[in-house]
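S.K.: sequence first, predicted coordinates after that:
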Amino acid sequence: MAIVYKHLEALAGAPSKAVVEQVVEDCFEYRRTVFPAEKLGVLGNDLSIPSEKAVQVVKALTGVIRKAVYDAISVADVAALFPEGFHPQLGKLLSIVIHARLGKFRQACVKSQCSMPRLRNFEWRLDMQTSSNHVAEMSIPSVIVQLEIEKDGGSSGAAAKPAGDGDTRMVAFELSEASLATMLEGLGKIRDQLNNVAHSSAST
């Protein structure tokens, strides 16, 4: 669902930074459930807006928080989530408040999610396909990738299975040269973000 950023501008009327901090905390806490009517009423009173507008603020802010949790590392990354022309002071405040809580929010996400399938092994081979037209025949290279996946070991609240003790399944897919380049670029970005997180953790 697209984020309607203009709904967030009601937060510019917050009487204090503490109000913004509280609504950020509440939006994350209730991101998967119904936002409590009592808290909506309090937010509406704080911002001097009706409950219907408060609901719009909560939906938009929850969307920004979700994107920040999965995509942002620095304050600048969070700030980049806001569109050009967005209220500058409010954007700066929200970026700082959200960034300060990213570590806690991510830990909460990990604890609440089911354990994900794990990659046990992978194999690949080069495949040559013959493409023919009326002019000539040409060989088109592609890569066949086969992944051995260990299935979900259960929720994080249950006793975790040791790696290698779960059921496995095989997943095979084909990649063209262009698709492989796109995949490698994405994996490179993941590697860079993991390195940034590791360096940030080591320096704190």
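M.R.: Looks like it arrived, so ask away. Predicted, not measured: the structure shown is a model, and the values here were computed from it.
S.K.: how about V171: what's its closest non-neighbour residue?
M.R.: L147 (4.6 Å; Cβ to Cβ, 6 or more residues apart in numbering). C-beta here means a position set from N, CA and C on the backbone, and glycine is covered the same way.
S.K.: measure that neighbour to R118 for me?
M.R.: Shown here: L147 relative to R118, a distance of 11 Å by Cβ to Cβ, to the nearest Å.
S.K.: packing partners of the least confident helix or strand in the chain by mean pLDDT?
M.R.: Sorting the helices and strands of the chain by mean pLDDT, DSSP states H and E puts strand 118-132 at the bottom, at a mean of 81. Under the contact criterion of 3 or more Cβ pairs under 8 Å, 6 or more residues apart in numbering; DSSP states H and E, strand 118-132 touches strand 137-150.
S.K.: just checking, what packs against the helix or strand that the strand it packs on is followed by?
M.R.: Toward the C-terminus, strand 137-150 is succeeded by strand 168-176 as the next helix or strand (DSSP states H and E). In this structure, strand 168-176 packs against strand 137-150, with contacts taken as 3+ Cβ pairs under 8 Å, 6+ apart.
S.K.: pull the residues that contact the strand it packs on.
M.R.: Applying Cβ atoms under 8 Å, 6 or more residues apart in numbering, the set of residues contacting strand 137-150 from outside is 117-131, 163-164, 166-177, 180.
S.K.: now the residues you listed: which count as buried?
M.R.: Restricting the contacts of strand 137-150 to buried positions leaves P117, R118, G166, L175, L180, with burial counted as 16 or more other Cβ atoms under 10 Å.
S.K.: among these, which two are most distant?
M.R.: G166 and L180 (28.5 Å; Cβ to Cβ).
S.K.: show me the residue at the heart of the protein, geometrically.
M.R.: Ranked by distance to the mean C-alpha position of the chain (Cα atoms, centre = their mean), the top residue is Y70 at 2.4 Å.
S.K.: rounded mean pLDDT for the helix or strand where that residue lies, please.
M.R.: Secondary structure from DSSP H and E places Y70 in helix 51-71. Per-residue pLDDT values over helix 51-71 give a mean of 94.
S.K.: do stretch 176-183 as well
M.R.: The average of the pLDDT scores along stretch 176-183 is 90.
S.K.: show me the contact partners of that stretch.
M.R.: Contacts of stretch 176-183 with the rest of the structure, by Cβ under 8 Å, 6+ apart, involve I140, P141, S142, V143, L175.
S.K.: list buried residues within these.
M.R.: For the contacts of stretch 176-183, a burial check counting by 16+ other Cβ under 10 Å picks out S142, V143, L175.
S.K.: returning to what we had before: could I get the contacts of stretch 176-183 as TSV with distance to I65?
M.R.: Compiled in TSV, the contacts of stretch 176-183 are given as follows (distance: Cβ to Cβ, whole Å):
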residue	distance to I65
I140	44
P141	43
S142	40
V143	38
L175	34
